[in-house]
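> Turn this into a model:
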Amino acid sequence: MYKIPIYASIVFSVIYFFNILRFFLGLTKKNNIIINDKSIPLSIIVAVKNGGESVSRMLNNLLNQRYSGLLEFIIVDDCSIDNTKEIINNYVERDPRFKYVSSNIGASYLKYKKRALDAGIQSASYEHLLFTDIDCIIHQKWAYSIAKCFSNNIDYVVGHAYVLDRKSILNKFQRVDLFMLLFASKSMILLGMPWASIGQNQAYTKSLYNKLNGFKDIASCLQGDDTLFLQLAYRNGAKIIFNDDMDSYVVSRTELSLKSFILQRARWSGDANIMWKFNVSFYITALSLWVMSASIIGLLFTNYFNLIIAILSFKFIFELLLYQLGMKKFNEKIKYIDFIIWSTIHPFYVFIMGMLSFFNFKWR
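Residues are numbered from 1 along each chain as shown. Below is the predicted model of the structure:
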């Protein structure tokens, strides 16, 4: 009765462990980025929806950017019903580099954040486009750090984001989980097989966006403005790099409640069900992790405790090695307690997120 689930758990666990080894290999490779010394013009695009409580902080971050080249800050208001528009216009009056743009001018076949971003891109005056989220925190040299990556015909720059360290269990899980995702992202880029990007910290050229017909091919997807768009770029021969300069790091929003965290990650996983159309290797790895996690939970109700212990032990060891190497590569302090918390919760989290990926969670 249990033979098929047991065989499936073993096979998919092996697939997952093999990919952890790939991530480990990728992180050991040197990230050779040719530095661009020219101060190229930059368009920084930030979409916001009902961001009255956080928009001023981001706009101040943009205002304080240390960059000698031309800058414009395109703030796209996605039909906010609070005082977001008024706050943005106050900055527009103070500094001509700020532009207020309504998401309504974005392509009509797009929805949610992709339409807002399309409106910003169409309004951009410059070739090189930088993106972050309204509730993030960026370093004063963020724009400079990304701009210097655009050399040697680079089309796409994937950046790093992290969560500030706090005391709650939710925060510790979120922090380690985001690190692990970005370790995998950097690793696969260094191996020449890009998997994922993050909308909180990425950049690409306007020429690339137009070449791919914008977000048209992923218009029906819930999100897609980062990882799926990266896959389209990769399939069309774009040159993609990972920027691991510390000045480029972005501080991501700390989720203060379990509900907000689940909604965020459910949106992130919303496109997982169609990843097979874009990157089979990525999809198989995600599927193997889900099957392994589901098997661990399912086997708890059987007598196969030795198998559970074996899978969990290998999972813990492989992921711990990846965590240690990744934290060293990103100059972060290794916190074993945080990792143990993440590792304990992770199988249940993966199983739940896999189930929630079938639901449509709109961008807020």
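> what about V157, how many residues close to it?
26 (other Cβ atoms under 10 Å). Quick note: C-beta positions are derived from backbone N, CA and C, even for glycine.
> now swap in the one 4 residues further on and tell me
Other residues within reach of A161 by the criterion other Cβ under 10 Å amount to 24.
> backbone phi and psi for it, please?
Note on A161: its backbone torsions stand at phi -130, psi 150 [degrees, to the nearest 10].
> Could you do V163 as well?
The phi/psi pair for V163 (degrees, to the nearest 10) is phi -110, psi 140.
> if I look at it, how far off is S357?
22 Å (Cβ to Cβ, to the nearest Å).
> more neighbours, the two?
Using other Cβ under 10 Å, the more surrounded residue of V163 and S357 is S357, with 22 against 19.
> from what I can see that one touches A266, true?
Yes - counting by Cβ atoms under 8 Å, A266 is a contact partner of S357 at 7.1 Å.
> From start to finish, how long is stretch 91-99 in a straight line?
9 Å (Cα to Cα, to the nearest Å).
> Next, the buried residues of that stretch.
91-92, 97-99 (16 or more other Cβ atoms under 10 Å).
> same check, this time on stretch 163-172
163, 170-172.
> Give me the neighbour count for V101.
22.
> Equivalent analysis for A219, please.
Neighbour tally, A219, other Cβ under 10 Å: 16.
> List of residues touching the helix or strand where N210 lies?
For N210, the host element (DSSP states H and E) is helix 206-211. Contacts with helix 206-211, where a contact means Cβ atoms under 8 Å, 6 or more residues apart in numbering, come from 43, 121, 124, 126-129, 155-156, 233, 236, 238.
> how about 10 Å then?
Contacts with helix 206-211, where a contact means Cβ atoms under 10 Å, 6 or more residues apart in numbering, come from 43, 117-118, 121-122, 124-129, 155-156, 205, 215, 229, 232-233, 236-240.
> What of stretch 274-287?
The contact list for stretch 274-287 (Cβ under 10 Å, 6+ apart) reads 12, 15-16, 18-20, 22-23, 184, 188, 193-196, 217-218, 220-222, 224, 227-232, 234-235, 269, 271-273, 350, 353-354, 357.
> For PyMOL, what selects the buried ones among those residues?
A single PyMOL command selects the buried members of the contacts of stretch 274-287 (16+ other Cβ under 10 Å):
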select buried, resi 12+15+16+19+20+22+23+184+188+194+195+196+218+221+222+224+227+228+229+230+231+232+234+269+271+272+350+353+354+357
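> In helices, which of the contacts of stretch 274-287 appear?
12, 15-16, 18-20, 22-23, 184, 188, 227-232, 234-235, 350, 353-354 (DSSP state H).
> Could you list the low-confidence segments of this structure?
1-5, 270-271, 358-364 (pLDDT under 70).
> just so I have it, where are all the helices in it?
Using DSSP H, helices in the chain cover 3-28, 55-63, 84-94, 112-123, 142-147, 169-190, 206-211, 227-235, 258-268, 280-299, 305-329, 336-356.
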